[in-house]
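*Asks:* Structure for this input, please:
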Amino acid sequence: MTVLAGDAGGTKTILALVEGEEHDFRFVAEERYPSNEYAGLAPIVRRFLDSHGAVVEAACFGVPGAVSNGECSTPNLPWFLSEDELQKVTGIPRVKLINDFAAAAGGVLVLPPGSLLTLQEGRPVGTGHKAVLGVGTGFGQAILAWDGREHLVLPTEAGHADFAPQGEIQRALAASLESQLDHVSVERLVSGPGLKRIYDFLVERGVSSWPEVREAFAVDDPPAVISSYALRRRDLACEQALDLFFLLYGAEAGNLALRTLPTGGVYVVGGIAIKNLEKLQDGTFIRAFRRKGRLRALLEQIPVYVVLDHRVGLLGAARQAVRLVPVR
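*Replies:* Okay, here's the model as predicted:
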């Protein structure tokens, strides 16, 4: 069968035509679109289908927000999405919207071999719960709960939970953001825009930064600029910002592990992780993940992986789309 899989994000939307069955997919065509240049998802889907002359049996789209009764208002995009509208506009007979990290979690279940990098071996339990998290424009988290037969995908909006600062610098950072925002969530810091907020805060505190860094922000994505200068050790503020970013990222991964006890593993997904593998492997993330006081020994037993396949969200959406088609 042929289905349409979508991974919509605050920055870009990726659509793919996929052929195959639930655990054996073949990507036929794939396109990327800048999300903020479109009024919603429907015109992107219509353009994709027209350009490829495609007829599909079902479609599933991972979208960046909470989905309720087939509808979603996306917090990082001015979109209101509806399964009914998408079905009418596109002519696709079966359409499903799911949270983007529900899609990523579903994708974890059908990853091809060689897609994981181990940050912590732990003691994996095949029938244990799993936790999936990752940062981009926002910060997503999802749970794969084992029900005795299979892993069930449970979406969350945990990225919008309160930021819990630890230590003087983090408390000062939280106080600075509280003066600007009505709610300081984890996502305000552990995300692409969050990395830029951390950098700005450090510069305001007097940490030195080269003028060329700020000049680069005008022509390139600020998180990418900060990472580049930090990894090359060319700018002190960028280095400290990336350190603090992955410290907060690891701490929140540990919080998710405490809340879900994912003995099957914690899976870190997303482009920021893939582009910063060197930083993820330097120990900052895992030290923060384990630093849970009396529960440190428990956290040391939980496997932690980085998902290297950037199509994980598309895989999960394809998996769900195939499930929408009645068995012949």
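*Asks:* Can you get me a residue count around the residue lying closest to residue 299 once chain neighbours are set aside?
*Replies:* Once flanking residues are discounted, residue 299 sits nearest to residue 290: 4.7 Å by CB to CB, 6 or more residues apart in numbering. Where you see a C-beta, it was placed from the backbone N, CA and C, and this is true even at glycine. Look at residue 290: counted by other CB atoms under 10 Å, it has 20 neighbours.
*Asks:* per-residue pLDDT, residue 290?
*Replies:* Looking at residue 290, its pLDDT stands at 98.
*Asks:* quick one, what contacts it?
*Replies:* By CB atoms under 8 Å, 6 or more residues apart in numbering, residue 290 lies in contact with 254, 296, 299-300.
*Asks:* For these, I'd like a selection string for ChimeraX - just the buried members, please.
*Replies:* In ChimeraX, a selection of the buried entries from the contacts of residue 290 looks like this (16 or more other CB atoms under 10 Å):
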select :254,299
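*Asks:* Rebuild the contacts of residue 290 as TSV, extending it with distance to residue 90, pLDDT and secondary structure.
*Replies:* As requested, the contacts of residue 290 are arranged in TSV below (distance: CB to CB, whole Å; pLDDT from 0 to 100; DSSP: H, G, I helix; E, B strand; the rest coil):
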residue	distance to residue 90	pLDDT	secondary structure
254	41	98	helix
296	50	98	helix
299	45	98	helix
300	48	98	helix
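*Asks:* Looking at the contacts of residue 290, spot the one nearest residue 18.
*Replies:* Taking CB to CB as the measure, residue 18 lies nearest residue 254 of the contacts of residue 290, at 34.6 Å.
*Asks:* Tell me the spacing between the closest one and residue 23.
*Replies:* Distance, residue 254 to residue 23, by CB to CB, to the nearest Å: 31 Å.
*Asks:* same question, residue 135
*Replies:* From residue 135 to residue 23 the distance is 28 Å (CB to CB).
*Asks:* quick check: mean pLDDT across the helix or strand encompassing residue 175?
*Replies:* Using DSSP states H and E, residue 175 sits within helix 167-178. Regarding helix 167-178, the rounded mean pLDDT is 97.
*Asks:* Can you give me the buried ones in it?
*Replies:* Applying 16+ other CB under 10 Å to helix 167-178 flags 169-170, 173-174, 176-177 as buried.
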